[in-house]
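> Give me the fold of what follows.
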Amino acid sequence: MVTAEQEVARRRAEVNQLPSRVDFLTKALSSSSAWDRSAALDFLRLFPEDVPKLLDLLVDLSLSAGWALPAREAIRAARKEIDASQFARVALECLSDGEAEDYLGLAHLLVEVEAWEALSAVIGKAAASSDPEIREVSRSFTESHVDISP
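Predicted structure coming up:
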């Protein structure tokens, strides 16, 4: 088992040296293969340098039931390197046709990574929605998290 772990570590180091690593990771994250996605998410959690470049894919994955936790872990690993306005833009794009549960899941992610500008944008968009369930997410989230954001 130790030998296998050492080999995995060597392979990750090789991938980290690839000049086309972002393309490689994009393909893996977009793949229908669970193995490809899982390997890419594990890699990004350990080597989060490319997370800002892949944020749109990662935020989208963070809203899917099967990939939410590993995608959130990858985003959390790079939270200090992600530009606040980029986070807000990506968050709003992911909600273009989102449902109430998407708004809630994304709001929780943004609290976890302390992306206050993006959280404000998401809550604002939810409050302006014509869907009463989405407006309720805005109201209840704001009430229950009033002490968290700066």
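
> only C-alpha atoms for contact and neighbour calcs from this point on.
Will do.

> Give the ranges of residues in the protein that sit below the confidence cut-off.
Low-confidence segments of the chain (pLDDT under 70): 145-150.

> Assess the claim that F43 and A13 are in contact.
No: judged on C-alpha atoms under 8 Å, F43 makes no contact with A13 at a distance of 9.6 Å.

> and these two? which has more neighbours close in?
F43 (19 against 13; other C-alpha atoms under 10 Å).

> List the contacts of that one.
Counting by C-alpha atoms under 8 Å, 6 or more residues apart in numbering, F43 touches R12.

> Equivalent analysis for F141, please.
F141 makes contact with L104, according to C-alpha under 8 Å, 6+ apart.

> ok, it to A88 distance?
Distance of F141 to A88, given as C-alpha to C-alpha, to the nearest Å: 17 Å.

> now swap in D131 and tell me
Here D131 is placed at a distance of 21 Å from A88 (C-alpha to C-alpha).

> Distance of the residue nearest the centre of the chain relative to A9?
By C-alpha atoms, centre = their mean, the mean C-alpha position of the chain lies nearest to V59, the distance being 3.2 Å. Distance of V59 to A9, computed by C-alpha to C-alpha: 26 Å.

> Show me the helices in the chain, by range?
Assigned by DSSP state H, the chain shows helices spanning 2-16, 21-30, 34-46, 55-62, 68-77, 84-94, 100-112, 116-127, 132-144.

> Looking at D131 and A88, which is more packed in?
Each of D131 and A88 has its neighbours counted (other C-alpha under 10 Å); A88 has more, 19 against 12.
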